[in-house]
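Visitor: Quick one: sequence and predicted model below, then my questions.
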Amino acid sequence: MDAPRELLQRMFGAAIGAAQPMRCVPAHLPPAPPGRTIVVGAGKASAAMAAAVEANWRGPLEGLVVTRYGYAVPCARIEIIEAAHPVPDAASVEAARRIAARVRGLGPDDLVVCLISGGGSSLMVAPAEGLTLADKQAVNRALLASGATIGEMNCVRRHLSAIKGGRLGAACHPAKLVTLLISDVPGDDPIDIASGPTVADPTTCADALAIIRRYGIGVPASVVDVLESGRGETVKPGDARLAGSGTTMIAAPQMALEAAAAVARAQGVAVHILGDSIEGEAREVGRVMAGIALQVARRGEPFTPPCILLSGGETTVTVRGSGRGGRNVEFLLALGVALAGHPGIHALAGDTDGVDGQEELAGAYLAPDTLARAFASGLVARESLDRNDGHGFFGALGDSVVTGPTLTNVNDFRAILIGSGASREAT
């Protein structure tokens, strides 16, 4: 078997590779229409998806997609622009304006191919009437620090937008609309991927307002007004403008986990996928996973070591300390504290888009000696966890996982390796 760190890193690489657009897009392209073909889209993977469309499309093609700064891929016929993530900027607003203009005035012989992936919520921003970019930025920052789930965050975003919640899809009517999705959300619900710009939304302004109040999120008065008045209501199921539109999930977290599992099984290591849509506070998920790993190591239950516990999903971090969060490193810190240096247990956690929280780092690696090495360097894991400073902790030890832009996004990857020599009696 490979060394633990090498094996876990190869598994992470396989998860990312399984969701590469050039691999996933071609089989799902629709036939060319009698009229024009317009490609639009938003997300961290959208530029790579656009390049895959270009490489496999015969006939005229034009369009525009927006991706995160640093994630652009050269295209000849589809224009690629960049904007900010996770908090939108002026480029995000301009991107939404130009994408909406691209689909305006199309006819029934035309085709719109919409390429949507995670990150699109902040990359394509059209504030609802009565709101400004500053309002949207304030809401986004507050949501990111609140501990709300991704589904709850996107519910709020949809109802403060003039392009999300099915509005872009409605604007394409009467052209044929095909949306290709790369999922980065637990459950793979299309309404939560980039806040569902082309799909009908069953949630309401009242739902969004309830989320804001549930988490005590401070928002501008203009935001409350949009929601209380109902002006932010989205396109609902049954709307004729979305009739006949098609939506296809071309890559999702489960696919990535299965690709990673295949790498370990080829090395003779058993893999148990615990779930592809695990949510909750990252530190709490870390503690729970530590409890399972310790039961495996000490009792051989519910699995026999050596084995790997694999999971995906999107946890949250309620930032209360001076750190900058990062759900994967927060998970690892909590896991490490709970494992307390138990021998033979290694772990890697990372975001498949290469960015964990607000840092240009994918995640980190945890070894049995991590806490001891940290203490020798003057770091205390529990104190770093209290500060929400996982990136500072693992960065100081040289254990950050850095991928750079991966050009895809299928959510988080968490792997815990429990070696055959990990067993010891609880003390």
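Guide: Received it, and whenever you're ready, just let me know what you need.
Visitor: Okay, and residue 95 sits in which element?
Guide: helix 90-103 (DSSP states H and E).
Visitor: in that helix, what's buried?
Guide: Of all the residues in helix 90-103, those buried under the rule 16 or more other C-beta atoms under 10 Å are 91-93, 95-96, 99-100, 102-103. All C-beta spots, glycine's among them, are computed from the backbone N, C-alpha and C.
Visitor: what secondary structure does residue 115 sit in?
Guide: strand (DSSP: H, G, I helix; E, B strand; the rest coil).
Visitor: How many neighbouring residues does it have?
Guide: Using other C-beta atoms under 10 Å, residue 115 has 31 neighbouring residues.
Visitor: got the end-to-end distance for stretch 342-362?
Guide: With C-alpha to C-alpha, to the nearest Å applied, stretch 342-362 spans 25 Å between its terminal residues.
Visitor: got a list of what the closest residue to residue 348 other than its chain neighbours touches?
Guide: With sequence-adjacent residues excluded and distances taken as C-beta to C-beta, 6 or more residues apart in numbering, residue 348 is closest to residue 8, at 3.9 Å. Residue 8 sits next to 346-348, 365, 415, 417 when contact means C-beta atoms under 8 Å, 6 or more residues apart in numbering.
Visitor: Buried among these? Make that a PyMOL selection.
Guide: Applied in PyMOL, the following selects the buried portion of the contacts of residue 8 according to 16+ other C-beta under 10 Å:
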select buried, resi 346+347+348+365+415+417
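Visitor: Cross the contacts of residue 8 against strands and list the overlap.
Guide: 346-348, 365, 415, 417 (DSSP state E).
Visitor: Please tabulate those residues in CSV and include pLDDT and distance to residue 47 as additional columns.
Guide: Formatted as CSV, the ones in strands among the contacts of residue 8 follow (pLDDT from 0 to 100; distance: C-beta to C-beta, whole Å):
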residue, pLDDT, distance to residue 47
346, 98, 34
347, 98, 31
348, 98, 27
365, 98, 29
415, 98, 28
417, 98, 34
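Visitor: Quick check: which element contains residue 325?
Guide: Going by DSSP H and E, residue 325 is not in any helix or strand.
Visitor: ok, now residue 398?
Guide: Going by DSSP H and E, residue 398 is not in any helix or strand.
Visitor: With residue 264 instead?
Guide: According to DSSP H and E, residue 264 maps onto helix 253-266.
Visitor: just residue 5 next, same as before
Guide: Counting by DSSP H and E, residue 5 is found in helix 4-18.
Visitor: pretty sure residue 64 belongs to a helix, no?
Guide: No: counting by three-state DSSP, residue 64 is not found in a helix; it is strand.
Visitor: For it, which non-adjacent residue is spatially closest?
Guide: residue 79 (4.4 Å).
Visitor: Tell me the confidence at the one you found?
Guide: pLDDT for residue 79: 98.
Visitor: How about the contacts made by it?
Guide: Contacts of residue 79 by C-beta under 8 Å, 6+ apart are 63-65.
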